[in-house]
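**Q** Have a look at this prediction, sequence included:
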Amino acid sequence: MKAASVSELKKELQEVPPAQLVELCLRLAKFKKENKELLNYLLFESHDLQSYIESVKQEMDEAFAEAPKQHIYFVKKHLRKILRATNKHIKYTGSKQAEVELLLYFCTKVKKAGFKIGESVALTKLYVQQVKKIEKSISLQHEDLQYDYQRQLERL
């Protein structure tokens with residue numbers, strides 16, 4: 001079965017009555033956990049981006065508190081897990097500002113946690129990739145925000 005394009009879906013959804021649209025959204029939310037989380041964000045949390053970013057940072061704090069410190073392999077796996085969750089939240093917001101703030105926070109927490117990044121090629125690459133993503137997102141921001149974020153990035 002071939003999926004329709006986004007423009008085709010948009011045209012069709014515009015012709016659906018509101019009651020049926022609600023049913024479609026609920027069915028979509030029941031189908032996959034990620035759809036439910038996105039719908040939750042759009043309905044309840046999208047109006048206040050800053051508080052959403054703060055709640056994601058709290059989740060990251062909790063995840064970093066549980067991070068293993070003894071073996072570099074487990075550290076790498078745990079950091080990737082935190083990064084996957086962070087990227088999922090970034091995708092929900094669709095905001096470059098949220099992306100910069102959350103990735104800066106991730107890199108800051110990695111530095112403060114005292115992981116030996118230089119000992120593992122994989123950890124070094126993971127960290128450098130995030131810094132590159134931050135730099136790219138910073139370049140898309142307003143000039144005032146660029147300056148502030150660039151200073152934070154330089155501290156890393």
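**A** Arrived safely, thanks for sending. Because the structure is predicted, anything quoted here is derived from the model rather than measured.
**Q** Burial check on the closest residue to I117 other than its chain neighbours, number of neighbours?
**A** Distances taken as Cβ to Cβ, 6 or more residues apart in numbering put L123 closest to I117, at 4.7 Å, once the chain neighbours are dropped. (Glycine included, C-beta is placed from N, CA and C.) A count of nearby residues for L123, using other Cβ atoms under 10 Å, gives 19.
**Q** check which helix or strand covers L123.
**A** Assigned by DSSP states H and E, L123 belongs to helix 121-139.
**Q** Next, the angle from the helix or strand following that helix to helix 121-139.
**A** Remark: after helix 121-139, the chain's next helix or strand is helix 143-155, criterion DSSP H and E. Inter-element angle recorded for helix 143-155 and helix 121-139: 160 degrees (by axes from the mean of the first three to the mean of the last three Cα atoms, to 10 degrees).
**Q** Any chance you could list what contacts helix 143-155?
**A** The contact list for helix 143-155, computed with Cβ atoms under 8 Å, 6 or more residues apart in numbering, reads Q97, V100, L104, V131, I134, E135, I138, S139, Q141.
**Q** quick one: the fifth one from E54, how far?
**A** In this structure, I134 lies at 19 Å from E54, with Cβ to Cβ, to the nearest Å as the measure.
**Q** Name the residues of the lowest-mean-pLDDT helix or strand in the chain that come out as buried.
**A** The helix or strand of the chain with the lowest confidence, counting by mean pLDDT, DSSP states H and E, is helix 143-155 at a mean of 83. Within helix 143-155, the residues that count as buried by 16 or more other Cβ atoms under 10 Å are Y149, Q152, L153.
**Q** what sits against the closest residue to Y41 other than its chain neighbours?
**A** Closest residue in space to Y41, ignoring its immediate chain neighbours: Y92 at 4.5 Å, by Cβ to Cβ, 6+ apart. Residues counted as contacts of Y92 (Cβ under 8 Å, 6+ apart) are E37, L38, Y41, L42.
**Q** could you check the angle helix 121-139 makes with the helix or strand hosting Y92?
**A** Y92 is part of helix 72-93 when elements are defined by DSSP H and E. Following the same axes, to 10 degrees, one obtains 20 degrees for the angle between helix 72-93 and helix 121-139.
**Q** Following element in sequence after helix 72-93, please.
**A** helix 96-113.
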